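Colleague: Mind looking at a prediction? Sequence and model below.
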Amino acid sequence: MEFIVYTDIIEILAFFFSVVGAVLIGYGGITAAYKVFLREVFKRPFGYNLIRREFTSKIVFGLEFFIASDVLTTLIAPTREEILLLAVVVIIRTVLGYFLARETEEYQLEP
């Protein structure tokens, strides 16, 4: 009985982390699109580098939540195949996050 309760809690936490990751990425995309719209239509002083930097940071942060969700999901019933799949997913997301973070550091903020 206790095992079922723990797996339910882990599944809820994994789902929660997935939702948080998706919300962060969605929020970053909507905010970036809104700022691009304001810049193009109303000539607001938003620089593309700043918009890109903020959006990329939201993507990287969202990916970290997805990784946490995958780790929790694998804890429920870890088979060799699931652990290998998790390792591949974590490596891909980590490499993607690293290069996105590095890209944001390279952008110089426009005056």
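Modeller: All right, it came through fine. Residues are numbered from 1 along each chain as shown.

Colleague: Find the centremost residue of the protein, please.
Modeller: Closest residue to the average C-alpha location of the chain: residue 62 at 1.8 Å, with CA atoms, centre = their mean.

Colleague: For that one, give its distance to residue 81.
Modeller: 26 Å (CB to CB, to the nearest Å). Backbone N, C-alpha and C define where each C-beta goes, glycine included.

Colleague: Test my guess that residue 20 contacts residue 65.
Modeller: Yes. Here residue 20 reaches residue 65: they are 4.8 Å apart, a contact under CB atoms under 8 Å.

Colleague: show me where the protein has helices.
Modeller: Taking DSSP state H to define them, one finds helices in the chain at 2-42, 48-76, 80-106.

Colleague: Using JSON lines, lay out those helices together with mean pLDDT.
Modeller: Below are those laid out as JSON lines (pLDDT from 0 to 100):
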{"stretch": "helix 2-42", "mean pLDDT": "91"}
{"stretch": "helix 48-76", "mean pLDDT": "89"}
{"stretch": "helix 80-106", "mean pLDDT": "85"}
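
Colleague: Return the most buried member of those helices.
Modeller: Of all these, helix 48-76 has the most neighbours on average by mean count of other CB atoms under 10 Å, namely a mean of 18.

Colleague: I'd like the distance from that helix to the chain centre, please.
Modeller: Relative to the mean C-alpha coordinate of its chain, helix 48-76 is positioned 2 Å out (CA atoms, centre = their mean, to the nearest Å).

Colleague: Which strands or helices does it pack on?
Modeller: helix 2-42, helix 80-106 (3 or more CB pairs under 8 Å, 6 or more residues apart in numbering; DSSP states H and E).

Colleague: For residue 57, which of the ones you listed is the nearest?
Modeller: Among the helices and strands packed on helix 48-76, helix 80-106 comes nearest to residue 57, with 6.0 Å by CB to CB.
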